[in-house]
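Chemist: With the sequence up front, the predicted model follows.
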Amino acid sequence: MKIKDSDIEVFILKPNDSLNLFLFTGTDYGLSCTRFNNLISSFKIDQDDPFNCSRLEQKDLENNSTILLDDALTISFNQKIRTIIIKLYGDKLPLNVLNAIKLLLKNLPIKNTKIFILSQNLSSSSSLVKLVSEDKYSAVISSYQSSGKKIQDKIKLMLSKENVTITNNALNLLSLNLGDDH
């Protein structure tokens with residue numbers, strides 16, 4: 001399932017526990033990282049626990065297309081949530097990476113297992129995004145840069161809450177220098 005942009009923040013604070021896989025994608029990698037970390041915090045996952053948390057890189061999936069499923073089916077040491085964190089790079093993913101995720105999706109749901117995939121520069125038209133968004137035990141969380149108008153609206157809203165006014169020239173200058181770095 002693809003989470004609507006307007007629902008993402010609420011979803012991250014109160015995630016659907018029946019989901020196994022969460023794919024973070026989009027052109028705003030900073031926002032994706034923030035949302036990724038916040039969702040992991042919402043599940044109260046200890047990323048430093050080697051008995052419950054595995055970290056995989058794209059090259060691991062490229063070299064062994066079954067490693068992801070093997071890790072997902074591993075029972076955690078103390079019966080807590082088994083967590084797998086995967087980092088992917090680039091828009092064009094090798095076939096072994098896609099095959100590893102396809103194999104995993106065929107075996108979902110997996111009780112007490114959460115898989116978090118943080119992808120850099122993966123477009124919404126990617127075959128991986130399509131695969132994950134069609135799976136009922138998975139969620140796609142996309143992060144895209146806001147337009148200049150949206151950034152200015154956010155600035156105005158923040159300033160109005162503090163009863164501060166701003167000229168259009170100052171607003172333009174501020175929005176250009178702040179950019180959309182979340």
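Modeler: Right, received. Where do you want to start?

Chemist: What residues does Asn107 make contact with?
Modeler: Leu69, Ala72, Leu73 (Cβ atoms under 8 Å, 6 or more residues apart in numbering). Where C-beta positions appear, they are placed from N, C-alpha and C, glycine not excepted.

Chemist: Now the buried members of the residues you listed.
Modeler: Among the contacts of Asn107, those buried by neighbour count (16 or more other Cβ atoms under 10 Å) are Leu69, Ala72.

Chemist: of all the contacts of Asn107, which comes closest to Arg82?
Modeler: Ala72 (7.1 Å; Cβ to Cβ).

Chemist: Do a quick rundown of the helices in this structure.
Modeler: 8-13, 29-42, 58-63, 67-73, 95-106, 127-133, 148-161, 168-178 (DSSP state H).

Chemist: Dump the C-alpha coordinates for stretch 93-110 into CSV.
Modeler: Provided in CSV are the C-alpha atoms of stretch 93-110 (Å, rounded to 0.1, in the frame of the first residue of the first chain):
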residue,chain,number,x,y,z
LEU,A,93,18.3,-1.8,-9.0
PRO,A,94,20.1,-5.1,-10.1
LEU,A,95,17.8,-8.1,-10.8
ASN,A,96,19.1,-10.0,-7.7
VAL,A,97,17.9,-7.2,-5.4
LEU,A,98,14.4,-7.2,-7.0
ASN,A,99,14.4,-11.0,-6.8
ALA,A,100,15.3,-11.0,-3.1
ILE,A,101,12.5,-8.6,-2.3
LYS,A,102,10.0,-10.6,-4.5
LEU,A,103,10.9,-13.8,-2.7
LEU,A,104,10.4,-12.0,0.7
LEU,A,105,7.0,-10.6,-0.4
LYS,A,106,5.8,-14.1,-1.4
ASN,A,107,6.4,-15.2,2.2
LEU,A,108,4.7,-12.3,4.0
PRO,A,109,3.2,-12.0,6.6
ILE,A,110,6.0,-13.1,8.9
